[in-house]
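Visitor: With the input below, show me the fold.
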Amino acid sequence: MKILAIESSCDEFSISIIEEDKILCNIISSQIKDHQVYGGVVPELAARLHLQNMHIVLQSALKETETTIESIDYVAYTEKPGLIGSLIVGKTVAEAIALYIDKPLLPLHHIEGHIFGASINHKFVYPVLALVVSGGHTQIELVHSPNEFEIIGTTQDDAIGECYDKVARVLGMGYPGGPLIDKLAQTGNSSKYLLPIAKNDNSFDFSYSGLKTAAINLIHNAEQKHEKLELKDFCATFQFAATSILKIKLEKAVQKFKPLTLTVAGGVSANSSIRKLIMEIGNTYNLNTIIPDLEYCTDNAAMIAKLAREKLINQNH
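Guide: Residues are numbered from 1 along each chain as shown. Prediction:
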């Protein structure tokens, strides 16, 4: 079984080909440099660049894997969620390929793809408790099978990645600023400043708008008083506040739902503090703990290819 998968939900256009359980290629056309000048992703520009680059990515995938388009058995693509224009480009390319080779088309969910991206080179034992952390989503999901996902907690406003990037922008770090905050936080004092642990309640939901506002106010107050902001200490304090609530809620979810596997997914799963807290919880509760390979943390088509394969296998059992 050979599957060609397309991921185009935001500012990356990616094509991956998987054969059996082996990722043959994972070609990604990134647009970060094109959007940096605007301080974030411009939806119309992202869609136009997808149109401009899609044939190059497809040709590269086929060439790298020495695959003919006719040998593909299934075509998978990200149906939702994401930027509408970007999703439409990916869907149109997938439909054209599937129509040309007369093979089945599989529309898939972006977040489910992220979760299964963690299982590339690893094995899920169900049920799986997944922490989803990205620019647009912060969720805890209980995965019973590749076809059964249960959202048990989600953000009520900003996602964690969105919060990182907005605070980084106010600090003048540019876009994307999350990785730079993480890097600076490594050598900072996390108790130097005072920031809230947001929505520390009995629910499994999250809220990052309050932390974002508090962090930005702290920055502006320091500027107005002409006080020097110790950047490393501020980043460490911010990161502690942002990630502590993840650990608190995830640990409560582990205690209640008793999963056999614990994992983390999404672009922010590359964050060092988040990777560390996942391992700590996993070790405490003796869980099968899976940290995704860094190459599969950000948006990529390999995760969609893996999800497609697991769904097809699950349907046949």
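Visitor: okay, CA-based contacts and neighbour counts for the rest of this
Guide: OK.
Visitor: got the phi/psi numbers for D157?
Guide: Main-chain dihedrals, D157, degrees, to the nearest 10: phi -150, psi -110.
Visitor: right, and it touches G210 too?
Guide: No: contact criterion Cα atoms under 8 Å: D157 and G210 do not qualify, at 9.4 Å.
Visitor: Show me the residue at the heart of the chain, geometrically.
Guide: In the chain, the centroid-proximal residue (Cα atoms, centre = their mean) is G266; its distance is 1.8 Å.
Visitor: Pull the contacting residues for that one.
Guide: Shown in contact with G266 (Cα atoms under 8 Å, 6 or more residues apart in numbering): I111, H114, I115, V132, V133, S134, C297, T298, D299.
Visitor: one more time with 6 Å
Guide: Contacts of G266 were listed using Cα atoms under 6 Å, 6 or more residues apart in numbering, and they are H114, V132, V133, S134, C297.
Visitor: Give the buried residues for stretch 21-37.
Guide: Taking 16 or more other Cα atoms under 10 Å as the neighbour-count basis, stretch 21-37 is seen to contain the buried residues I23, L24, C25, N26, I27, I28, S29, S30, Q31, I32, D34, H35.
Visitor: same check, this time on stretch 121-135
Guide: For stretch 121-135, burial by neighbour count (16+ other Cα under 10 Å) applies to F124, V125, Y126, P127, V128, L129, A130, L131, V132, V133, S134, G135.
Visitor: Would you map out the domains in the chain?
Guide: The record assigns the chain these domain ranges, following automatic domain parsing: 2-117+297-315, 128-292.
Visitor: pLDDT on the last one, on average?
Guide: The average pLDDT for domain 128-292 rounds to 94.
Visitor: how far is it from where the chain is centred?
Guide: Centroid separation for domain 128-292 versus its chain: 13 Å, with Cα atoms, centre = their mean, to the nearest Å.
Visitor: Tell me which of the contacts of G266 fall in helices.
Guide: H114 (DSSP state H).
Visitor: Restricted to strands, list the contacts of G266.
Guide: Using DSSP state E, the members of those that fall in strands are V132, V133.
Visitor: of all the contacts of G266, which comes closest to S273?
Guide: The shortest gap between S273 and any of the contacts of G266 belongs to V133, at 12.4 Å (Cα to Cα).
Visitor: Spit out the contact partners of the closest one.
Guide: Residues touching V133, when contacts are defined by Cα under 6 Å, 6+ apart, comprise G266, V268.
Visitor: cutoff 10 Å now
Guide: Going by Cα atoms under 10 Å, 6 or more residues apart in numbering, V133 touches 111, 114, 139-140, 159-162, 246, 264-271, 274, 297.
Visitor: Drop anything exposed from the residues you listed.
Guide: By neighbour count, with 16+ other Cα under 10 Å, these hold 111, 114, 139-140, 159-162, 246, 264-271, 274, 297 as buried.
Visitor: Please tell me how far L45 sits from K166.
Guide: Distance check for L45 against K166: by Cα to Cα, to the nearest Å, it reads 20 Å.
Visitor: Between the two ends of stretch 132-151, how far is it?
Guide: Using Cα to Cα, the end-to-end distance of stretch 132-151 comes to 10 Å.
Visitor: neighbour-wise, which of L45 and K166 wins?
Guide: Higher neighbour count among L45 and K166: K166, with 24 against 16, using other Cα atoms under 10 Å.
Visitor: mind giving me CSV with the buried residues of stretch 21-37 and columns for pLDDT and distance to K103?
Guide: Below are these laid out as CSV (pLDDT from 0 to 100; distance: Cα to Cα, whole Å):
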residue, pLDDT, distance to K103
I23, 97, 20
L24, 97, 19
C25, 96, 20
N26, 96, 21
I27, 95, 22
I28, 93, 24
S29, 90, 25
S30, 83, 28
Q31, 79, 30
I32, 78, 33
D34, 83, 35
H35, 81, 35
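Visitor: Closest to T289 out of those residues?
Guide: The nearest one, if we look at the buried residues of stretch 21-37 relative to T289 and count by Cα to Cα, is I23, at 21.6 Å.
Visitor: Fine by me, thanks again.
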